[in-house]
Every structure is written in C-alpha cells, then in structure tokens.
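K.L.:
everything below, folded, please.
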Amino acid sequence: MQAIDKIVFGDNQFFGINHMSQEKAQQLAEKFFDINNIFRVYQIAFDAGIRAVMLNSNDRARDICEHFRANSLNYPKISWYPSIPYPHKYANLISEKGIIPTISDVLFKDNSASGVLGMMAKGEQLSLEEMR
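P.N.:
Sure thing, here's the model as predicted:
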C-alpha cells in the first residue's frame, strides 16, 4: 500500500469556498477569478516543496489540468488526489431521478456525447502515461 503524502495542497480557496465565512469566500472568488493567480499560488506551494495536490471536480479543474499538462516538465513527481465534493449531492440526485438520468445530467449537462467520450479517452491516456 502506498503512503498518503503528509501535506496535500487543497483547492477550495481557488473556487471561492470558505465554510466559515461567506465574506471571505467572496474575497477568494474575486482574487482567483484570474486563473493566473491560481497558478502563482501553485508555484509558491511547489517552490516550498509540496508535491501533492487535491483537485475537486469543479468547472475550473479542466483549465488547471491543462496548465499542468502543458507545463509538465516544470512539475515533476506530482501526486494527484482527485475529489468529488459533496458526494451526498449525487446520492440524493440518484434517489430523486434514478441512476441514468443523474449520469446524463452530470456528464452531458454542458457537453456533447462526443465531448464526453473525448474526455474519457484523454483521462485513460493520461493514466497510462502516469503509470510508465
């Protein structure tokens, strides 16, 4: 069994999430509206020696992943910890709508069928590259 990294850099702040203060959440949303500010913070974390990153399933996750793929030589040996926030939300949707309508809503909401297949193919390719 592989050990979990001692420090995992989270991403809530990038998406304007602060569970203690709505005001702070708004400030974060404004600060990180410019995605380059997100990349600056990641760079600070990597410069400090952090090599583990949690990334939630969020609208901006695609852009963040594309940045890391495009600049992979600058970020060696990253451990990724994918996260699906609020899994109970999806469980509730399944209870309300059923499994097939929920999958359809989640996967196809803003994507065509070919877009979803393309994402799945890219994900498989990345996983295989990481295994090498």
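
K.L.:
mind checking the SS state of residue 55?
P.N.:
What DSSP: H, G, I helix; E, B strand; the rest coil gives for residue 55 is strand.

K.L.:
helix or strand with the lowest mean pLDDT in this protein?
P.N.:
helix 113-131 (a mean of 49; mean pLDDT, DSSP states H and E).

K.L.:
hey, where'd the helices end up in this protein?
P.N.:
22-31, 35-47, 61-70, 87-97, 99-108, 113-131 (DSSP state H).

K.L.:
out of those, the one nearest residue 10 is which?
P.N.:
helix 35-47 (10.2 Å; CB to CB). (C-beta placed from N, C-alpha, C; glycine too.)

K.L.:
which stretches of this protein have low pLDDT?
P.N.:
109-132 (pLDDT under 70).

K.L.:
any idea how many residues pack against residue 98?
P.N.:
Neighbours of residue 98 under the rule other CB atoms under 10 Å: 11.

K.L.:
report the separation between it and residue 91.
P.N.:
Distance of residue 98 to residue 91, computed by CB to CB, to the nearest Å: 12 Å.

K.L.:
same check on residue 20?
P.N.:
Counting by CB to CB - residue 20 and residue 91 are separated by 25 Å.

K.L.:
quick one on the thing from earlier: and the helices of the chain as a markdown table, adding mean neighbour count and distance to residue 6?
P.N.:
Shown next, in a markdown table, are these (neighbours: other CB atoms under 10 Å; distance: least, CB to CB, whole Å):
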| stretch | mean neighbour count | distance to residue 6 |
| --- | --- | --- |
| helix 22-31 | 13 | 25 |
| helix 35-47 | 14 | 14 |
| helix 61-70 | 14 | 21 |
| helix 87-97 | 12 | 25 |
| helix 99-108 | 12 | 33 |
| helix 113-131 | 10 | 21 |
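
K.L.:
for the ones you listed, which one sits closest to residue 8?
P.N.:
helix 35-47 (10.4 Å).

K.L.:
same for that closest one, what does it pack against?
P.N.:
Contacts defined by 3 or more CB pairs under 8 Å, 6 or more residues apart in numbering; DSSP states H and E place helix 35-47 against helix 61-70.

K.L.:
kindly export the helix it packs on (C-alpha atoms) in CSV.
P.N.:
Output of helix 61-70 as CSV, limited to C-alpha atoms (Å, rounded to 0.1, in the frame of the first residue of the first chain):
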residue,chain,number,x,y,z
ALA,A,61,-10.5,21.9,-12.9
ARG,A,62,-10.1,21.4,-16.6
ASP,A,63,-8.1,24.6,-17.1
ILE,A,64,-5.9,23.7,-14.1
CYS,A,65,-5.3,20.2,-15.5
GLU,A,66,-4.5,21.7,-18.9
HIS,A,67,-1.9,24.0,-17.4
PHE,A,68,-0.2,21.2,-15.6
ARG,A,69,-0.2,19.0,-18.7
ALA,A,70,1.2,21.8,-20.8
